[in-house]
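> what shape does this take:
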Amino acid sequence: MSATQSPQTAAEPNSPTSQATKETLEDYTLRFAPRSYRRWTPMIVATTALGGIAYMADFSIGAGIGLTHGTGNALVAIAVAAVVIFVTGFPLAYYGARYNIDLDLITRGSGFGYYGSVVTSVIFASFTFIFFALEGSIMAQGLKLGLGLPLWLGYAVSTLMVIPLVIYGMKALSKLQVWTTPVWLLLMVAPLVYLISDDPGTVDRFLAYAGTDGDGGVNTASVLLGAGVCLSLIAQIGEQIDYLRFMPPKTAANKRSWWTAVVMAGPGWVVLGALKQAIGVFLAVYILAKVGPASATEPIQQFRGAFDTMMPSWMVIPLAVALVVISQIKINVTNAYSGSLAWTNSFTRVTRHYPGRMVFVLVNLGFALILMEADMFSFLNSILGFYSNCAIAWVVTVATDIGINKYLLKLSPHAPEFRRGMLHAVNPVGVVAFGAASGLSIAMYFHALGDTLQPYSPVAAAAIAFVLTPLMAIVTKGKYYLRRTDDGIDEPLLDTEGNPSATTYDCHVCHQAYERPDLAACRTHGSVVCSLCLSTDKIGDHVLPEQPSTV
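Presented below is the predicted three-dimensional model:
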């Protein structure tokens with residue numbers, strides 16, 4: 001079936017609708033990623049996704065926890081956070097790769113509703129500019145050491161240099177990540193191997209370090225405080241899914257490589273992240289006596305100290321700066337790209353107007369630059385500790401909805417839904433669970449429930465979200481997930497192998513061909529309309545009416 005053209009809704013070549021369509025088809029911004037575009041192999045997608053976690057923040061995060069709480073507490077905290085991140089990230093990565101949609105589209109149909117997920121999009125966008133600012137600060141420290149640039153100018157340089165790289169979306173980013181990853185790995189791993197082989201005593205000193213607030217032992221409060229900081233990275237799965245949504249269909253022929261890529265580049269990112277955090281503790285302890293506690297958390301100083309033991313002095317600073325710059329570029333193009341998607345997604349749904357992704361690239365970079373100029377690096381752990389409560393509540397809510405509500409209770413629709421008109425505006429299942437979990441955990445974090453409970457705020461965020469999500473689904477009987485069960489198109493959403501159908505239809509508004517999952521029947525024109533044209537329909541002319549509830 002092919003949609004018939006509707007003269008009264010035809011999009012002019014230079015109209016806002018036409019411009020929005022052209023831009024979103026660059027890398028399927030805000031859309032289902034069609035099979036015709038997903039030409040990369042599973043390993044190429046995985047390598048691209050993993051290239052985005054080359055950030056240096058892990059070294060700072062690990063160092064900050066280790067210097068405060070001691071090596072033992074830091075390593076346990078890192079391990080606890082890694083387990084939580086892996087377990088919650090697995091269902092999200094699977095859904096993103098299997099159904100070729102980003103985390104916001106997953107969130108809409110996994111307990112939040114069409115407008116209810118706007119708040120989580122803002123949380124994710126905040127994640128991207130917070131970590132952009134952190135990485136930009138680290139790069140500015142490197143530029144100051146290597147080139148003598150003042151920090152304020154380094155902040156500006158680290159912000160402006162990613163704009164040309166992030167314009168072109170997945171095609172350009174995949175090439176950048178694949179070609180720079182070997183160099184990054186060599187520069188990161190070589191000094192660590194050399195230090196341990198040259199002076200095995202460094203390992204003993206590292207393991208024995210007690211921290212400024214520790215006594216050499218492992219205690220629950222210190223572990224949970226450290227884990228709370230590490231868990232701020234739980235939202236990183238959103239950036240991984242921004243790449244994993246371009247996975248090819250899973251078939252009998254490629255299922256082994258498909259699953260390997262999804263696990264490795266989805267929840268598996270945290271394995272490398274945890275190793276980097278542990279290395280950050282090691283390097284901070286190693287250089288502590290030379291540079292002091294304030295500078296020991298700076299990756300540029302950590303690698304300067306490491307390179308200094310194995311190379312001629314004239315090579316030390318250039319190599320350390322090169323490592324920092326490569327790492328910053330690799331992660332901050334991803335931060336800018338994913339952040340722009342999140343902001344654009346929220347704005348388009350609320351205003352029903354698509355302003356262009358580049359507008360929000362600049363918005364995201366503006367927020368990041370303000371944080372850098374405010375010296376956010378000096379109070380890093382406080383920012384991340386607070387942020388982690390919101391991020392944990394969101395990710396655990398969605399992961400629980402997929403794992404329990406969809407597969408166990410079967411109250412949440414198995415196939416993800418994201419189209420306007422098919423979803424209720426707000427679903428209390430996810431919104432209530434997330435609101436209660438984040439609200440109570442933030443109150444605990446700010447000592448509102450006493451000093452004793454303060455370290456347990458991340459545990460509270462995860463536990464409340466995990467319990468309330470299925471409870472709310474049972475109480476509401478799942479009736480707020482779908483506004484309609486029939487989208488008006490006879491063709492099934494999924495093919496015989498369970499992959500999204502590749503059958504194409506023409507949207508009668510923008511006159512572009514889209515694959516089946518991106519379309520729904522039009523309410524008034526007897527044809528079909530794509531998801532973006534539904535989102536930007538200001539008067540609801542194309543949106544299907546609500547079906548009477550059968551619950």
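> so where's the stretch 301-450 of the chain shaky on pLDDT?
Counting by pLDDT under 70, the ranges of the stretch 301-450 of the chain that qualify are 380-381.
> how long is stretch 483-491 end to end?
As for stretch 483-491, its first-to-last residue distance stands at 20 Å under the measure C-alpha to C-alpha, to the nearest Å.
> hmm, I was thinking of stretch 195-209
Where stretch 195-209 begins and where it ends lie 17 Å apart, using C-alpha to C-alpha.
> same deal with stretch 473-487?
One end of stretch 473-487 to the other measures 23 Å (C-alpha to C-alpha).
> what of stretch 110-125?
Distance between the boundary residues of stretch 110-125 (C-alpha to C-alpha) amounts to 19 Å.
> and it, what's buried?
By 16 or more other C-beta atoms under 10 Å, the buried positions in stretch 110-125 come out as 110-121, 123-125. For the C-beta atoms, the positions are set from N, CA and C on the backbone; glycine is no exception.
> any idea which helix or strand comes after the top helix by length along the chain?
Among the elements of type helix in the chain, defined by DSSP state H, the one spanning the most residues is helix 313-351. Counting by DSSP states H and E, the element after helix 313-351 in chain order, helix or strand, is helix 357-373.
> which elements pack onto that next one?
For helix 357-373, the packing partners by 3 or more C-beta pairs under 8 Å, 6 or more residues apart in numbering; DSSP states H and E come out as helix 118-147, helix 151-160, helix 163-166, helix 313-351.
> now the following helix or strand past it against helix 357-373, angle please.
Reading on from helix 357-373 to the C-terminus, the next helix or strand found by DSSP H and E is helix 380-400. Relative orientation of helix 380-400 versus helix 357-373 (axes from the mean of the first three to the mean of the last three C-alpha atoms, to 10 degrees): 140 degrees.
> just to revisit the earlier point, name the nearest of the buried residues of stretch 110-125 relative to Y456.
I123 (21.1 Å; C-beta to C-beta).
> I figured the closest one was touching I392, is that so?
No. In terms of C-beta atoms under 8 Å, I123 does not count as a neighbour of I392; the distance is 10.6 Å.
> what is the burial count for I539?
7 (other C-beta atoms under 10 Å).
> which residue packs closest to the spatially most central residue of the chain, ignoring adjacent ones?
Per C-alpha atoms, centre = their mean, the C-alpha nearest to the average position across the chain is that of G238, at 2.6 Å. Taking C-beta to C-beta, 6 or more residues apart in numbering as the measure, G238 lies nearest to L103, with 4.2 Å between them; neighbours along the chain are not counted.
> distance of that neighbour from T348?
With distances defined as C-beta to C-beta, to the nearest Å, the gap from L103 to T348 amounts to 16 Å.
> do the same with M311
Between M311 and T348 the distance, using C-beta to C-beta, works out to 50 Å.
> looking at the two now, which is surrounded by more residues?
When neighbours are counted by other C-beta under 10 Å, T348 comes out ahead of the other of M311 and T348, with 19 against 16.
> what number of residues lie near the closest residue to D242 other than its chain neighbours?
Setting aside the residues directly before and after it, D242 is nearest to S338 in space (C-beta to C-beta, 6+ apart), at 4.9 Å. Look at S338: counted by other C-beta under 10 Å, it has 29 neighbours.
> which residues touch S338?
Contact partners of S338, counting by C-beta atoms under 8 Å, 6 or more residues apart in numbering, are 124, 128, 238-239, 242.
> the strands in this protein, which residues?
Applying DSSP state E to the chain gives strands spanning 504-506, 513-515, 519-521, 528-530.
> A448: neighbour count?
Residue crowding around A448 was assessed by other C-beta under 10 Å; the count is 11.
> what separates it from F379, distance-wise?
20 Å.
> what residues does stretch 198-206 touch?
For stretch 198-206, contacts defined as C-beta under 8 Å, 6+ apart pick out 71, 195-196, 281-282, 285-286, 309-310.
> dump it to PDB, restricted to CA.
Only the C-alpha atoms of stretch 198-206 are listed here, as PDB (Å, rounded to 0.1, in the frame of the first residue of the first chain):
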ATOM      1  CA  ASP A 198      59.000  -1.300  36.500                       C
ATOM      2  CA  ASP A 199      58.000  -0.800  40.100                       C
ATOM      3  CA  PRO A 200      55.700  -3.600  41.500                       C
ATOM      4  CA  GLY A 201      55.700  -1.700  44.800                       C
ATOM      5  CA  THR A 202      53.300   0.800  43.400                       C
ATOM      6  CA  VAL A 203      50.600  -1.800  43.600                       C
ATOM      7  CA  ASP A 204      51.200  -2.300  47.300                       C
ATOM      8  CA  ARG A 205      51.100   1.400  48.000                       C
ATOM      9  CA  PHE A 206      48.000   1.700  46.000                       C
END
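> average pLDDT across it?
Averaged across stretch 198-206, pLDDT comes to 87.
> in it, what's buried?
When burial is assessed from 16+ other C-beta under 10 Å, stretch 198-206 yields the following buried residues: 202, 206.
> for that stretch, what is the distance to the chain centroid?
35 Å (C-alpha atoms, centre = their mean, to the nearest Å).
> hmm, back to that, deepest-packed of the strands of the chain, please.
Counting by mean count of other C-beta atoms under 10 Å, strand 528-530 has the highest mean neighbour count of the strands of the chain, with a mean of 29.
> what lines up beside that strand in the sheet?
For strand 528-530, sheet partners with direction are given as strand 519-521 (antiparallel), following DSSP bridges.
> in contact with S158, which residues?
For S158, the contacting residues are 135-136, 139-140, 143, 328, 332, 372, by C-beta under 8 Å, 6+ apart.
> what's the most distant pair in the residues you listed?
Of all pairs drawn from those, the one with the longest distance (C-beta to C-beta) is L143 and N332, at 13.8 Å.
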